[in-house]
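Colleague: The following block contains a protein sequence and its predicted model.
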Amino acid sequence: MTSSLPFGWTGPGLAAAAEENLVVHASWVPLHLHEARVQHDQDLVLVDSGLPCDSFNLVCRAWLAPECAPDRIQDALQFFSVSGHPFSWWLGPAHSPPELPVLLEEAGLAPAETELAMALDLAALAEPPRRPATLHVRRVQTPRDLAAFAKINAANRSPPDAEVLRFYDRGTDALLAPDTPQWLYLGVLDTIPVATAELTAGGGVVGLYNVSTVPAFRGRGIGSAMTHTPLAAARDAGHSTAILQAAPDGVRVYERLGFEPFGMVTEFKPGA
């Protein structure tokens, strides 16, 4: 899927930028963990966080030469076989060769979910619908707020995933460092932490990730506020383009803020 984007990007250029942004999102914290392994090659990026959680163990930015693709897929499988950790292969809109999805399935991986890649000219960021008056959205800048951020994201799985808590605990120094490219946000309704969002700068764009609202507080405009606040901060900091991966139930929300589609992102998992 392509779109006529009105802010100076070609489709291939934006797709490549989005994949580079995903690399920063996936690797910033692991690069600062002694138990993690990150292999950053020109044609492939492999990230093993050191934890048995496929949310943080990724293959991404696969730009493989056709003649080398089968061998490079085996290299990736061998990389994760060392630790035995589960992982996901995120196939972005700039992947190559075109037959890579078929090659992944032949190697034993299967598509698990597909999301819409969307982009926004931050100069055209629309105001969100009215949000709760007592909702406050703030940058995560303390270990206490980071723990609340982690708790909300861990609860996206049932039961809550303890490995998510461990990841953010181990990544505290990297995520709270002054030079972090990952800006985490916490939404607090009255005094209750209820929502999260992450903004990652990299590849010439900013990427929006981990937008999540506690189920009991959904349907109140909190998700839109959690999307708008980081994007407005990025715009004010001089960034011009935002990208994200939208699940089907989030597409309308992002369209109302001005996002347009430019491709697809598919997650592959071993034996899915």
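Modeller: Alright, I've got the coordinates.
Colleague: which secondary structure element contains the closest residue in space to Ala107 that isn't next to it in sequence?
Modeller: Leaving aside its chain neighbours, Ala107 sits nearest to Ile73 (4.9 Å; criterion: Cβ to Cβ, 6 or more residues apart in numbering). Quick note: C-beta positions are derived from backbone N, CA and C, even for glycine. Assigned by DSSP states H and E, Ile73 belongs to helix 69-81.
Colleague: Also Thr266?
Modeller: Going by DSSP H and E, Thr266 is part of strand 260-270.
Colleague: between that strand and helix 69-81, how big is the angle?
Modeller: Angle, strand 260-270 to helix 69-81, by axes from the mean of the first three to the mean of the last three Cα atoms, to 10 degrees: 70 degrees.
Colleague: if we can go back for a sec, roughly how far is the next helix or strand after the helix holding Ile73 from the heart of the chain?
Modeller: Per DSSP H and E, the first helix or strand lying C-terminal to helix 69-81 is strand 88-91. Its chain's C-alpha centre and that of strand 88-91 lie 12 Å apart, by Cα atoms, centre = their mean, to the nearest Å.
Colleague: Could you list the buried residues of strand 88-91?
Modeller: By 16 or more other Cβ atoms under 10 Å, the buried positions in strand 88-91 come out as 88-91.
Colleague: Just the closest of these to Ile192, please.
Modeller: Ser88 (31.2 Å; Cβ to Cβ).
Colleague: Test my guess that the closest one contacts Thr266.
Modeller: No: using Cβ atoms under 8 Å, Ser88 makes no contact with Thr266, being 10.2 Å away.
Colleague: show me what contacts the residue nearest to Ala107?
Modeller: 103-104, 107 (Cβ atoms under 8 Å, 6 or more residues apart in numbering).
Colleague: what's the distance between it and His32?
Modeller: Counting by Cβ to Cβ, to the nearest Å, the gap from Ile73 to His32 is 28 Å.
Colleague: that older thread, quick check: buried residues in the helix holding Ile73?
Modeller: So for helix 69-81, counting by 16+ other Cβ under 10 Å, buried means 69, 72-73, 76-77, 79-80.
Colleague: chain center to that helix: distance?
Modeller: That offset, for helix 69-81, works out to 23 Å (Cα atoms, centre = their mean).
Colleague: what's the answer for stretch 235-247, then?
Modeller: Relative to the centre of its chain, stretch 235-247 is centred 12 Å away, using Cα atoms, centre = their mean.
Colleague: If we go by neighbour counts, what in that stretch is buried?
Modeller: Here stretch 235-247 shows 235, 239-246 as buried, counting by 16+ other Cβ under 10 Å.
Colleague: And for stretch 97-106?
Modeller: 100, 103-104.
Colleague: export these to CSV and tack on pLDDT and distance to Thr142?
Modeller: Below are those laid out as CSV (pLDDT from 0 to 100; distance: Cβ to Cβ, whole Å):
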residue, pLDDT, distance to Thr142
Leu100, 98, 42
Leu103, 98, 45
Leu104, 98, 41
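Colleague: Which of those residues fall within strands?
Modeller: Mapping the buried residues of stretch 97-106 onto strands (DSSP state E) picks out no residues; all lie outside.
Colleague: Identify those among these that sit within helices.
Modeller: Under the assignment DSSP state H, the buried residues of stretch 97-106 contribute 100, 103-104 to helices.
Colleague: State the number of residues packed around Pro93.
Modeller: Counted by other Cβ atoms under 10 Å, the residues lying close to Pro93 total 21.
Colleague: same question, Pro178
Modeller: 4.
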